[in-house]
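J.: for reference, the sequence and a predicted model appear below.
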Amino acid sequence: MLHPLLIRAPAATHSNIIKERYMEESHDIVIVGGGICGLATALALFSKGIASLVLEKWETLSAEGGSIGVHGNGWRVLEQLGIAEELRETANLVTVFHDVWQEEKKSTLTPVGKELRWLKRKDLIETMAKNIPAGAIRLGCHIAAIHPSDPGAVLSTPGGRVIRAKVLIGCDGSNSVVAKYIGMSAARSTPHTFLRGFTRYPHGHPFGDHFLRLRVNKRCFVGRSPITDTLVSFFVAFHIPSAGVTRDVRATRLSLEAFAMGTLLRTKSLATKLACLAILALLGTKSLGHANYDCGRL
């Protein structure tokens, strides 16, 4: 299990993370959001000699999550950011796509054309954060409102602090306060559910450098790829058709659980059974968990 990155900034010491402590301040460039996008933007600016301030609403940088497949173009970006070599030390090279179509009972092996490695999100976040200059990331800084200014924008926090930015960059995810400020439409949900996780093999796994892509059926896709000699990443993607894509998350979880259980009971394919068991394990093991759902109005 991955634990969140926690970097505290003691008073009167150098650190790349500080707590907000000014009632009013001004910066040339402010980046809202301290995820992969926000940290990469700050690091790219720093590599060009341009200072910026990253504002993250949570008290820690979230390093939880699964793995990220980084292909050739991604590695070129990481090289430009100056962190590619460090990250290459954390992940093995994947050289073969192993595609399997369960229903058609066929499979192929295709060489990977360019560099492909699967990185743990934790490694990516921590590596970017530690290469950003001292004082450039501020934790626990929730932006409550944004107002136009000349030049730039004025950001305010619930505690009354004011941050003036000549340039404002939004990297704050699907519920972006910056997107709302500039009038972008709300993010839309899709009828797809993704489950990601890791499996550890203390004595080494038998999968070599192959990235398995298993098409169970039209609704289910399973992926498995090595990260290191003892760590394997996997994901399960489900398409759950529904009348509306804004269905309650709890109802979607219940639908996925029911679909996986039904498929497990009727399938004769060992690979499909394993995929369903992985889904049910990730969703939880409470046998009466479905009774606790208040699905609301669907």
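T.: The structure has been received and is ready for your questions. Given the structure is predicted, the values throughout are model-derived calculations rather than measurements.

J.: so which residues of the stretch 101-250 of the chain form helices?
T.: Counting by DSSP state H, counting those that start in this stretch, the stretch 101-250 of the chain has helices at residues 121-130, 177-181, 249-266.

J.: so which bits of the shortest one are buried?
T.: Residues of helix 177-181 classed as buried under the neighbour-count rule (16 or more other CB atoms under 10 Å) are Val177, Val178, Ala179, Tyr181. (C-beta placed from N, C-alpha, C; glycine too.)

J.: ok, now which ones touch the last one?
T.: Taking CB atoms under 8 Å, 6 or more residues apart in numbering, we find Tyr181 in contact with Ile146, Ala153, Gly170.

J.: so how far is Ile31 from the residue nearest to the first one when sequence neighbours are not counted?
T.: Right, Ile146. Using CB to CB, 6 or more residues apart in numbering and skipping the chain neighbours, the partner closest in space to Ile146 is Tyr181 (4.1 Å). Distance of Tyr181 to Ile31, given as CB to CB, to the nearest Å: 14 Å.

J.: kindly report the same for Gly208.
T.: 40 Å.

J.: same drill for the two, tell me which one is more crowded.
T.: Ile31 (28 against 11; other CB atoms under 10 Å).

J.: buried residues, the helix or strand harbouring that one. List them.
T.: Here Ile31 sits within strand 24-32, counting by DSSP states H and E. Judged by neighbour count using 16+ other CB under 10 Å, the buried positions of strand 24-32 are His27, Ile29, Val30, Ile31, Val32.

J.: identify the residues contacting the helix or strand that comes right after that strand?
T.: With elements assigned by DSSP H and E, the helix or strand that comes after strand 24-32 is helix 36-47. With CB under 8 Å, 6+ apart as the contact definition, helix 36-47 has outside contacts at 29, 31-32, 51-52, 54, 56, 61, 68, 77, 80-83, 121, 124-125, 128-129, 131-133, 136-137, 169, 171-172.
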